[in-house]
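J.: structure of the sequence below:
(chains A and B)
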Amino acid sequence: MRPPFYITQLKRDLEQWIKAGLVPAENRDRILESVGNGSTTGRLETTIAVFGAILIGAGALSFVGANWAAMTKPVRLVVLFGGMWLAYAAAVAFYQSGRNLIAQAFVLLGVLLFGSNIWFIAQTYNINSHFPDGTLLWGVGALAAAVLVPSRAALAAALAIGSYWTWQETIDFNQFIHLPFLPFWAVCAAQATYLGWRPGIHLSALSLIMWLVISHDSIQSLLGWSDAEVVSLYVFLPLLIWSVTQIREPGPNGVALMVGHYAFFMFLVAFSIVHLFDGKPGGSSSSWLLCAIILSLLSLGAVVLSMQRKGATAIDLAGTAFAAIVTISYVMNITEHSDRFDIPYLICTLVVILWSVFRGARMDDRFVVNWSVAAFGVWVLYTYFELFSGLMDQAVFFTVGGVLLIVLALALEPLRRSLVNSTNTAVQG
Amino acid sequence: MISFRVLIVVALQTLALAYMIFERQQMLDSARVVTLKVVPVDPRDMFRGDYVVLNYDISRVDVATLAGDDKFSSGETAYVTVQKQSDGIWNAVAIAHKPVSQSPGDVALLATVQYADDPAANASANVSLTYGVESYFVPQGTGHAIEEEARKGSLTVDVAVNPQGRSAIRAVRRNGQAFYVEGVF
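T.: Alright, predicted model coming up:
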C-alpha cells in the first residue's frame, strides 16, 4: 500500500489529468485501486474497534482484580481461560461473517488477555521467577498470533511487548547487550514486511533504534571503543543502509523507502553530533578503523550500484565518500572534545546537509529534503548561539556562508536545466 | 482456514498458561520439602498491596562461615545447601557454584546472587540471595497480620524443592500450624 499522502496527491493529480484529457475518467477508480486506495471508513472502524478491545481488556483486568480474593482458584481459572477463549471465538465469528477489521480487534483483545492471564496465574500460584521471562512469554504469544492469524494488531502488540521486554532486561536487570531481542525483532520486522504494513515497519524501526540506544554502553564495553568511535557506528551503519536502499527502485509497498528514511535520519543526526564526543587518548583502535573502512567501502559500493539505474550520481558518490572520510578523520584525530575542531566540523556538516538537500531534491524525496532543511535550521541556530562570541565573527561567518550558498545555487541552475531538458527529450522521444 | 489458524494460536497460548500451572504443581508435589524461618524485614516494605515480602535466614549468608566456594558476583546463580536442625528449621551449611552435599538428607537450593561482598576486601563476605520464594500473595487486608507474626518470629515457610533445586512455597505456618497451603485448586 502506498503512503496516504501519495494517494491524496494522486487523487488531486488525477482530477487535473482527467480535466486536461490526459487520463480517461473511467480509469480513475482502477488507478486508485491499483495503489491500494483504502476506504477511510474501514480505518475508522478498526481504530474504534481496537480502542474498544483495549477498554474491554482493561475492564476485564479490573473486574478480576476487584473480585480476586472472593474467587476460588477454579473460578479464577475459568474466568481467565474463558475470557481469552471467548475473545478468540468472537474473532473467528467476525472473520467468518467477513468483518475482518472487527475480528482483528478481538485478536488483540485475546493477546491482551493472554498477557493478563500470565500475571494472574503467576500471582495465584506465587510464581516468583525472573519477571521479564513473563513479558517474553507474552510477546511470543502475541507474535504467534501476528504470524499465524495473521494479525497487524497482534504484531503491533508484539513489538510493543518485545520492546518492553528488552527494556526490562537491559535497564532493570543490567543485562549486558540483550542479544535475544534481535531474533524476536527480526521475526516481527519480517512479518511487517510480509504484510506490507507501513505502521509495522515504523514500529520495527523505532524498536530497533530504542534497542541500539539503550545498548550503547554495552556495545561500547563489548568493543572497548571510545564514545566517538561508538557514535561513529551510527554514522556508518545508517549510511550503508541508506545507500543499499537506493540500489533498486522502491517497491510498491514502499518498505525500502521507509527503511532508507530511518537510516538517513539516523545518519544525519549521528553525523551532526559525533564531534561532541571524546576519543581515546592513545588514538583510535585498529578494530574500529577496520570496521569504519569496511562499512565506508560497502556504502560506496552500494552508491556505485545505484548509479547504474540512475538512483545516484557522481555527486552522491562524492557526498558519501566525504561523509565517511570526515568521520574517520575526525575520530582518528580526536582525543577529547575540543573547541578547535568545531568550525571545521561545522563546515563539513553544512556540506553534508547541502548534499542531502541536493540528493532529496533530485530523488523527489520530501522526507530527505524536509529533514535536511530542518537540520540546516538547527545548524544555523547552533552556530549562532554556541560558536562565536563576537558579533563581527558571526557576521563574517554567515555572510561568507550565504555568498557561497548563492554561488552554489547559481552553479547548480544550469545542471538542473540540462536535466529537465534531457528528461523532456526522453519523454517526447 | 482462519478458524484453524486462530485455534492454533489459542491452543499455543493455553498450553503456555497450563504449563505454568503444571510446572508449579510438579514442584509442589516434590517429596523434598524444607522449612525455612522467616526473619522480620522493614515493616514499611514488607506488606505491599496484596502480597507480603518474605525474607529468610538464608537470604543473606556469610561465605566465610560456610563450606563451598568463596567468590560470587551479582546476577550469577549459586547453590545453597541446607541441613535440617533439631528444631525442624533448615539452615545453610554450604554455598557453591554447583550443588554440594555435606551429609545425607541435605538439600541444595538454587539461588540468584543479588549482591556479594568482595572476600579480599572484607573480613566477613556476605552474599545476598533470592530463591524465588520471596513474595506471597494473600487476600486483601490480611497482610498486616502476617507481618506481625513475622515480627514475633513465629512465621515459617515450607518450601518444596525440585530435583534442579528450584523452590516453591508449599505452606506458610504460624507457630508450626499451617494457615496457607498451596495447591492447584
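J.: secondary structure class for the residue lying closest to residue A:302 once chain neighbours are set aside?
T.: Once flanking residues are discounted, residue A:302 sits nearest to residue A:243: 3.7 Å by CB to CB, 6 or more residues apart in numbering or on different chains. For the C-beta atoms, the positions are set from N, CA and C on the backbone; glycine is no exception. Recorded secondary structure, residue A:243: helix (DSSP: H, G, I helix; E, B strand; the rest coil).
J.: before we move on, what about residue A:341?
T.: Secondary structure state of residue A:341, per three-state DSSP, is helix.
J.: again with residue B:37
T.: strand.
J.: that one reaches residue B:55, doesn't it?
T.: No. Between residue B:37 and residue B:55 there is no contact under CB atoms under 8 Å: 10.0 Å.
J.: ranges for the helices of chain B?
T.: B:2-28, B:43-46, B:143-152 (DSSP state H).
J.: try the stretch 251-400 of chain A
T.: Assigned by DSSP state H, counting those that start in this stretch, the stretch 251-400 of chain A shows helices spanning A:255-273, A:286-307, A:314-333, A:342-362, A:366-382, A:391-428.
J.: which of these is buried the deepest?
T.: Among those, ranked by average contacts under mean count of other CB atoms under 10 Å in any protein chain shown, first place goes to helix A:255-273 (a mean of 20).
J.: which positions in chain B make contact with chain A?
T.: B:2-3, B:5-10, B:12-14, B:16-17, B:20-21, B:24, B:50-51, B:75, B:112, B:130, B:132-137, B:139-140, B:168-169, B:182-185 (CB under 8 Å from any CB of the partner chain).
J.: who's in contact with the spatially most central residue of chain B?
T.: Nearest to the geometric centre of chain B sits residue B:133, at 3.2 Å (CA atoms, centre = their mean). If a contact means CB atoms under 8 Å, 6 or more residues apart in numbering or on different chains, then residue B:133 has A:126, A:128, B:36, B:54, B:56, B:157, B:159, B:167-169 as its contacts.
J.: which of the residues you listed sits closest to residue B:120?
T.: residue B:56 (27.2 Å; CB to CB).
J.: what residues are bridge-paired with the nearest residue to that closest one once chain neighbours are set aside?
T.: For residue B:56, ignoring the flanking residues on the chain, the nearest one in space by CB to CB, 6+ apart is residue B:36 at 4.6 Å. Residue B:36 has these beta-bridge partners by DSSP bridges: residue B:157.
J.: next up, the contacts around residue B:36.
T.: B:56-58, B:82, B:89-90, B:133, B:156-157, B:159.
J.: which two of these lie the greatest distance from each other?
T.: So, the contacts of residue B:36 by CB to CB: farthest apart are B:89 and B:133, at 14.9 Å.
J.: how about the residues of the stretch 151-300 of chain A by chain B?
T.: Residues of the stretch 151-300 of chain A lying near chain B (CB under 8 Å from any CB): A:173-174.
J.: elements contacting the strand or helix carrying residue A:30?
T.: Assessed by DSSP states H and E, residue A:30 sits inside helix A:28-34. When contacts are defined as 3 or more CB pairs under 8 Å, 6 or more residues apart in numbering or on different chains; DSSP states H and E, helix A:28-34 packs onto helix A:4-19.
J.: the helix it packs on to helix A:366-382, inter-axis angle?
T.: 120 degrees (axes from the mean of the first three to the mean of the last three CA atoms, to 10 degrees).
J.: go through helix A:4-19 and flag the buried ones.
T.: Within helix A:4-19, the residues that count as buried by 16 or more other CB atoms under 10 Å in any protein chain shown are A:7, A:10, A:14, A:17.
J.: I'd say residue B:28 and residue B:170 touch.
T.: Yes. If you go by CB under 8 Å, residue B:28 and residue B:170 touch, sitting 5.5 Å apart.
J.: so what sits against both of those two?
T.: Common neighbours of residue B:28 and residue B:170 (CB under 8 Å, 6+ apart) are B:160, B:182.
J.: the two: who's more crowded?
T.: Shown here are residue B:28 and residue B:170; by other CB atoms under 10 Å in any protein chain shown, residue B:170 has more neighbours (24 against 20).
J.: for the more buried one, what are its contacts?
T.: Residue B:170 touches B:28, B:33, B:158-160, B:181-182, counting by CB under 8 Å, 6+ apart.
J.: just among the residues you listed, which is most surrounded?
T.: Each of those was scored for neighbours by other CB under 10 Å, and residue B:159 scores highest at 25 neighbours.
J.: so how far is residue B:180 from that residue?
T.: Using CB to CB, to the nearest Å, residue B:159 is found at 13 Å from residue B:180.
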